[in-house]
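Q: any chance you could fold what I've pasted below:
(one chain, ligands or ions: 1)
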Amino acid sequence: MAVLTIDLKKIGHNSALVSRHARALGLSIYGVTKVLSGAWQVAQTLKNSGVEAIADSRLMNIAAMREANIPGPYVLLRLPAISEAEQVVVLADISLNSDLDTCQALSKAAIKLGVRHRVILMVDLGDLREGIWPSEFLAFLKSVQSLPGIEVYGIGTNLTCYGGVFPDEKNLGQLISLKEQSQAILGHDLLVSGGNSSTLSLLFENNFPVGITNLRIGEGIILGRETMRREPVAGAYLDACILTAEIIELREKPSVPVGTIGQDAFGNSPQFADRGVRKRAILALGRQDTVPEGLDPHLTGALILGASSDHLIVDVTDSPAVRTGDTLSFSLGYGALLAASTSRYVKKEFI
Ligand SMILES: *Cc1c(COP(=O)(O)O)cnc(C)c1O
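A: Below is the predicted model:
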């Protein structure tokens, strides 16, 4: 069985590194657990190494972490669904929001359950995923301000997710300006949640706009990379998560299929370069376990040729000798890690 090994010491090191640097610049970090399916071991590690709160996109993950008695506070990252408003106010201390109907549903749920729910209102600064357009923001804020049971706790933005827009002084400056206008309306301070791991290179270049007070960091801690250019965070471990799988066939074969070539198992028409006879390892790993395109083999000279649902084909001709029954290990990109974490076919091992 494929195994995803998650090194909690390395994640703790990365979390402490990012949190310490952020704190020195006056920012708090929300540690994001969603890429590892809200594993409580990871949440505990993050809480023990400097993050202010645990943030996840799924209520189910937050429920499981609460069940495991990991102290919050908990932040719901994905915009709440109206149909889940009551669970949101029970499970999350803070949620990110951009819709008035949803805020009204949260208000009703909070009143009914006798709690106060904090919201961070999201501004869309051009990336075109969630958020209120800046010109509509202050009117929206005033509507939410009047809702009972709801506290406007902060304002935030999310960049480099859908549109791939970089954070810069201009767009983050716009967020800070909206924060100042919002504070004048509300009469109290607001958290300014300036983004995700794409902001880390700005943070580590000490080139951070004054006024941002919080970041929500997942990949930067778990995989040790900022996400503007996917450069390593200096001093962070890049190998906290490793995927391993076993070789189930090892044979020499031609590099071009024999016969008339139509479509592969997924309806694609594959292309092949003739590199002569090659030594090919088949691994017990496939698209049901991970995203093969996001894997980077550790074995020197190994080259991933392709994958189907349950098989990964790796050219090991130029590698040190391996045998059937050996395991190969891989580093994972974000998508590959996300898929491995959510696959029930992949065993998770925390070390
Ligand atoms: C996933 C997510 C994050 C964290 O993103 P990383 O790139 O993993 O740091 C932050 N904010 C929101 C709203 C998210 O959905």
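Q: C-alpha from now on. contacts and neighbour counts both.
A: Fine.
Q: would you map out the domains in this protein?
A: The record's domain parsing of the chain by automatic domain parsing lists 8-222, 241-350.
Q: which one of these lies nearest to the ligand?
A: With CA to the nearest ligand atom as the measure, domain 8-222 is the member of the domains of the chain nearest the ligand (3.4 Å).
Q: list the contacts for Thr300?
A: The neighbourhood of Thr300, defined by CA atoms under 8 Å, 6 or more residues apart in numbering, consists of 318-320.
Q: let's go with 7 Å and repeat that
A: Going by CA atoms under 7 Å, 6 or more residues apart in numbering, Thr300 touches Ser319.
Q: so how far is Val322 from Gln44?
A: 38 Å (CA to CA, to the nearest Å).
Q: the more surrounded of these two?
A: With neighbours defined as other CA atoms under 10 Å, Gln44 and Val322 compare such that Gln44 has more, 19 against 15.
Q: let me know the helix or strand that the more buried one is in.
A: Counting by DSSP states H and E, the element that carries Gln44 is helix 40-47.
Q: contacts for that helix?
A: Against helix 40-47 from outside (CA under 7 Å, 6+ apart): 8, 12, 15, 31, 33, 54, 65, 68, 70.
Q: packing partners for the next helix or strand after it?
A: Next along the chain after helix 40-47, taking DSSP H and E as the criterion, comes strand 53-56. Other helices and strands packing on strand 53-56, by 3 or more CA pairs under 7 Å, 6 or more residues apart in numbering; DSSP states H and E, are strand 28-32, strand 74-76.
Q: could those be laid out in JSON lines, adding mean neighbour count, mean pLDDT and distance to Glu252?
A: As requested, those are arranged in JSON lines below (neighbours: other CA atoms under 10 Å; pLDDT from 0 to 100; distance: least, CA to CA, whole Å):
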{"stretch": "strand 28-32", "mean neighbour count": "28", "mean pLDDT": "98", "distance to Glu252": "44"}
{"stretch": "strand 74-76", "mean neighbour count": "26", "mean pLDDT": "98", "distance to Glu252": "51"}
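Q: I'd like these as TSV, with distance to the ligand appended.
A: Formatted as TSV, the entries for those read as follows, by distance: least, CA to the nearest ligand atom, whole Å:
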stretch	distance to the ligand
strand 28-32	6
strand 74-76	8
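Q: do you know which of these lies nearest Glu349?
A: Proximity to Glu349 (CA to CA) singles out strand 28-32 among the helices and strands packed on strand 53-56, at 19.3 Å.
Q: run through the neighbouring helices and strands of the closest one.
A: Applying 3+ CA pairs under 7 Å, 6+ apart, one finds that strand 28-32 makes contact with strand 53-56, strand 214-217.
Q: need the contact partners of that strand.
A: Applying CA under 7 Å, 6+ apart, the set of residues contacting strand 28-32 from outside is 19, 22, 46, 51-56, 213-218.
Q: try it again at 6 Å.
A: Contacts made with strand 28-32 from outside it, assessed by CA atoms under 6 Å, 6 or more residues apart in numbering, are listed as 19, 51-56, 214-218.
Q: just stretch 144-160 next, same as before
A: The list of residues contacting stretch 144-160 from outside it, by CA under 6 Å, 6+ apart, reads 107, 110-111, 116-123, 127, 165-166, 190-195.
Q: out of those residues, who's near the ligand?
A: Intersecting the contacts of stretch 144-160 with the surroundings of the ligand, defined as CA under 6 Å from any ligand atom, gives nothing.
Q: select only the buried ones of those residues in PyMOL?
A: Only the buried members of the contacts of stretch 144-160 end up in this PyMOL selection, burial being decided by 16 or more other CA atoms under 10 Å:
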select buried, resi 107+110+111+116+117+118+119+120+121+122+123+127+165+166+190+191+192+193+194+195
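Q: the contacts of stretch 144-160 in strands, which ones?
A: Cross-referencing the contacts of stretch 144-160 with the strands (criterion: DSSP state E) gives 117-123, 191-193 as the overlap.
Q: mind putting those into CSV with distance to Ala184?
A: Written out in CSV, the entries for the ones in strands among the contacts of stretch 144-160 read as follows (distance: CA to CA, whole Å):
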residue, distance to Ala184
His117, 21
Arg118, 19
Val119, 18
Ile120, 17
Leu121, 16
Met122, 18
Val123, 17
Leu191, 14
Val192, 15
Ser193, 18
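Q: for the residues you listed, give me TSV that also has distance to Gln271 and pLDDT.
A: Listed next are those as TSV, based on distance: CA to CA, whole Å; pLDDT from 0 to 100:
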residue	distance to Gln271	pLDDT
His117	55	98
Arg118	53	98
Val119	51	98
Ile120	48	98
Leu121	48	98
Met122	44	97
Val123	44	96
Leu191	52	98
Val192	49	97
Ser193	46	96
